[in-house]
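>>> Give me a model of this one.
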Amino acid sequence: MSEKLRLDKWLWAARFYKTRSLAAEEVGKGRVQVNGQDTKPAREVKPGDTVALRQGAVHRTVVVRVLSGLRGPAPVAQQLYEETAESLRLRALAAEQRRMAGEPAHSIEHGRPTKRDRRDIQKIQRSWNNRWSATSDS
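Below is the predicted model:
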């Protein structure tokens, strides 16, 4: 293949992004750097370039090994790059932190009542209907 390839096309072929237009959009938003510099989707990458990218909360740093403009199966796409040891370590650490973090729903104190809460509320409301009222229409 040729010695250079558009960044957005390589990111798509390496299966970092589902579509080429999504890859171009992420590059345009500044979420992808090549050799430590912000870039444009049309920038040409070559083997040996370091690409730092963000996919949601996941940050990855990879070294371009092979160029391919064709999107193939995942095992073939993984041969297009090599993730750095530091990137692998940081991703594993982030995954461990997410795994050890508490359940987000447990931190919710207010919001929509559960079924049990709703039954308790209805029980209290029924008991209040039997009591006297503080209104002036006696």
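>>> ok, which stretches of this structure are strands?
5-6, 32-34, 37-38, 44-45, 50-55, 58-64, 81-83 (DSSP state E).
>>> Can I get these in a markdown table including distance to Asp120, mean pLDDT and mean neighbour count?
For every residue, glycine as well, the C-beta is placed using N, CA and C. As requested, the strands of the chain are arranged in a markdown table below (distance: least, CB to CB, whole Å; pLDDT from 0 to 100; neighbours: other CB atoms under 10 Å):
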| stretch | distance to Asp120 | mean pLDDT | mean neighbour count |
| --- | --- | --- | --- |
| strand 5-6 | 61 | 93 | 20 |
| strand 32-34 | 51 | 95 | 20 |
| strand 37-38 | 55 | 93 | 10 |
| strand 44-45 | 61 | 94 | 18 |
| strand 50-55 | 43 | 94 | 17 |
| strand 58-64 | 42 | 94 | 16 |
| strand 81-83 | 52 | 96 | 16 |
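>>> Among these, which comes closest to Arg116?
strand 58-64 (37.0 Å; CB to CB).
>>> Hey, what's the angle from that closest one to strand 50-55? Just curious.
Angle, strand 58-64 to strand 50-55, by axes from the mean of the first three to the mean of the last three CA atoms, to 10 degrees: 150 degrees.
>>> who does strand 58-64 pair up with?
Here strand 58-64 is paired, per DSSP bridges, with strand 50-55 (antiparallel), strand 81-83 (antiparallel).
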